[in-house]
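A.B. asks: when you get a sec, could you give me coordinates for this:
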Amino acid sequence: MFMLLSVTKTYTVGSCPVDLVADNNMNIWVYCKGIPDYSAYPDISYTGMGLCKIDRTTGNVTTFPFTEMVSPGIYNVAVSPDGKTIYYLNNGLYAVASTATSLPASALINGSFYGLDVDPKSGNLVGLDAVNSKAVIFNTNGIEQDSFETGDFPNSVVFSY
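C.D. replies: As a prediction, the model looks like this:
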């Protein structure tokens, strides 16, 4: 049996939206990778990249632009179990409060990850390292707790309890 779906509302966000999460107020946070410009190759610049917050109540879109795009990853945004913290990748792993009016100036965790997820029970962060084929587990303060080997180019996590 098929269900007929229809578009009820559209929102304009940054360029190339690739990932999204909902916060504790059911606002939608959209990660936009931007459009690459190869005209000065090997230097690549991007336009329209950043994190966008769609306010569920008002429908307003707040764009938090990135000054540069440095994330090779596939899954680039995650949310804490309580929905109050949004985590995102961009030349480091950043944490921003769902009520924030600007992005943080420094990363919670330095490093480059190919994917990101949050353990729904513990709240621990999982950074997926494609270069070394491993998953690195951090607490919410950014302190490494553990790591383990994965297959090549890990990009997502499945939690089973």
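
A.B. asks: where are the low-confidence patches of the protein?
C.D. replies: By pLDDT under 70, the low-scoring segments of the chain are 70-73.

A.B. asks: look up phi and psi at the residue most central in space within it.
C.D. replies: Geometric centre of the chain, nearest residue: V77, 1.6 Å, by CA atoms, centre = their mean. When quoted as degrees, to the nearest 10, the phi and psi of V77 stand at phi -140, psi 140.

A.B. asks: please name the nearest non-neighbouring residue to it.
C.D. replies: Closest residue to V77 apart from its sequence neighbours, by CB to CB, 6 or more residues apart in numbering: Y31 at 4.2 Å. C-beta: built from backbone N, CA, C; applies to glycine.

A.B. asks: so the one you found bridges to which residues?
C.D. replies: D19, L51 (DSSP bridges).

A.B. asks: that one: neighbour count?
C.D. replies: 28 (other CB atoms under 10 Å).

A.B. asks: any idea how far A78 is from it?
C.D. replies: 10 Å (CB to CB, to the nearest Å).
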